[in-house]
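J.: Have a look; sequence and predicted model below, questions after that.
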Amino acid sequence: MTNTPRIVEVRQNILKHNDEVARELREEFHEAGVFVVSLVSSPGAGKTAFLEQTLTILNRQCHPAALVGDLATSNDAARLARSQAPVKQITTGTLCHLEAAMVRTALDGWNLADLDFLFIENVGNLVCPSSYDLGENLRLVLLSVTEGEDKPLKYPTIFNSADVAVITKIDLADAVEFDWTAAKDNIQAVRPGMRILEVSSKTGQGMPEWISFLTSRPA
Amino acid sequence: MHELSIALSILEFAEEEAQRRGHAARLEAIHLKVGPLSGVVKEALLTAYQLASEQTPLADCRLVIEEIPIAIYCSQCRAERPVRSIQSFRCVECDTPGCQVVHGRELQISALELLE
């Protein structure tokens, strides 16, 4: 026995288990031909309203479904169920984010091959969900006009991890004197080249553009 | 605040690794590489680790965190470059915006210090 510690290189991803499950899920989604979109935002940015509208529109033309993560209550699932699309709640308890294994468990009993789109609504949180791959094809980050234009600068990690930014509640933009230029500049500063969509779930403005963006993508 | 579940994952891995190497091996330190885009805060992780390791065989094992700065591939310089800041993904040399992240997402156990 010596007293000098030996350094052993390991290079192990700490979230290796999550990454492996996410990779398996991504393969399953691909084989089943389902396009998977996850949604992240702060609490109250309008994820559920946006998703309800999206499901209602898509349900007329194809087969969407949704998983919705929430700390407690199943209110969001009840709201989304009004769209007539299959919806399942994932109650996370005190956990502040969804993990790939939770998605896999929630999918139990669903035949993925019956679906065209699967939406995964993460817990309202702009910090923790950024670390966890859920096997999604597209990650949306939502930013409501009532939150302020500097959210991307305050939470650069989640904005950088997302593929598309959706500015929500645009019907309220004038009332809150939303600075469009600043908001878009801030998004581009933390994620150059990011596609930005603008919607109002209440008036339906911008929804056709979002739906056509979604349906024109190869599954 | 997901640092606690990350700390538990680190301990789980380290304990398995120590067991695999036999009873004679004592784990002195766990070395991590953490980037600012990993979504993990160094201070919070150190606190969570301390809590999680209390009253376990790894209570005395240190957690050493190396922070890895963000680097992008700059299409203008055709090279890996640091960014201006986490709030400005532009090449520090030529100011070209870049979204191809080369470093900064790390959340990795890089090495273990064993006393044998």
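T.: The structure has been received and is ready for your questions.

J.: Chain A contacts on chain B?
T.: Residues of chain B found near chain A (CB under 8 Å from any CB of the partner chain) are B:1-2, B:5-6, B:9-10, B:13, B:17, B:24, B:28-29, B:31-32, B:36-40, B:86-90, B:97-99, B:101, B:107-116. Glycine gets a C-beta too; all of them are placed from N, C-alpha and C.

J.: Okay, and which of these map to strands?
T.: Members of those lying in strands (criterion: DSSP state E): B:28-29, B:31-32, B:88-90, B:101, B:107-115.

J.: and residue A:24, how many neighbours?
T.: Look at residue A:24: counted by other CB atoms under 10 Å in any protein chain shown, it has 13 neighbours.

J.: And for residue A:64?
T.: Count around residue A:64 with other CB under 10 Å applied: 26.

J.: quick one: least confident helix or strand in chain B?
T.: The weakest-scoring helix or strand in chain B, judged by mean pLDDT, DSSP states H and E, is helix B:3-20 (a mean of 89).

J.: Which strands or helices does it pack on?
T.: Counting contacts by 3 or more CB pairs under 8 Å, 6 or more residues apart in numbering or on different chains; DSSP states H and E, helix B:3-20 is packed against strand B:26-34, helix B:42-53, strand B:107-115.

J.: Apply 6 Å and report the result again.
T.: Under the contact criterion of 3 or more CB pairs under 6 Å, 6 or more residues apart in numbering or on different chains; DSSP states H and E, helix B:3-20 touches strand B:26-34, helix B:42-53.

J.: pLDDT averaged over the last one, what's the number?
T.: Translated: helix B:42-53. Taken as a whole, helix B:42-53 carries a mean pLDDT of 95.

J.: quick one: the most far-flung residue of chain B relative to its centre and residue A:171, what's the gap?
T.: The outermost residue of chain B, judged against the average C-alpha position, is residue B:76 (29.3 Å), by CA atoms, centre = their mean. Here residue B:76 is placed at a distance of 40 Å from residue A:171 (CB to CB, to the nearest Å).

J.: next one: residue A:85
T.: Distance from residue A:85 to residue A:171, counting by CB to CB: 24 Å.

J.: returning to that earlier point: which other residues reach the least confident helix or strand of chain B?
T.: A:14, B:25, B:27, B:30, B:40, B:44, B:45, B:48, B:49, B:52, B:53, B:58 (CB atoms under 6 Å, 6 or more residues apart in numbering or on different chains).

J.: Can you turn the buried part of those residues into a ChimeraX selection?
T.: ChimeraX command restricting the contacts of helix B:3-20 to the buried ones, with burial defined by 16 or more other CB atoms under 10 Å in any protein chain shown:
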select /A:14 /B:25,27,30,40,45,48,49,52,53,58
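
J.: Cheers, nothing more for now.
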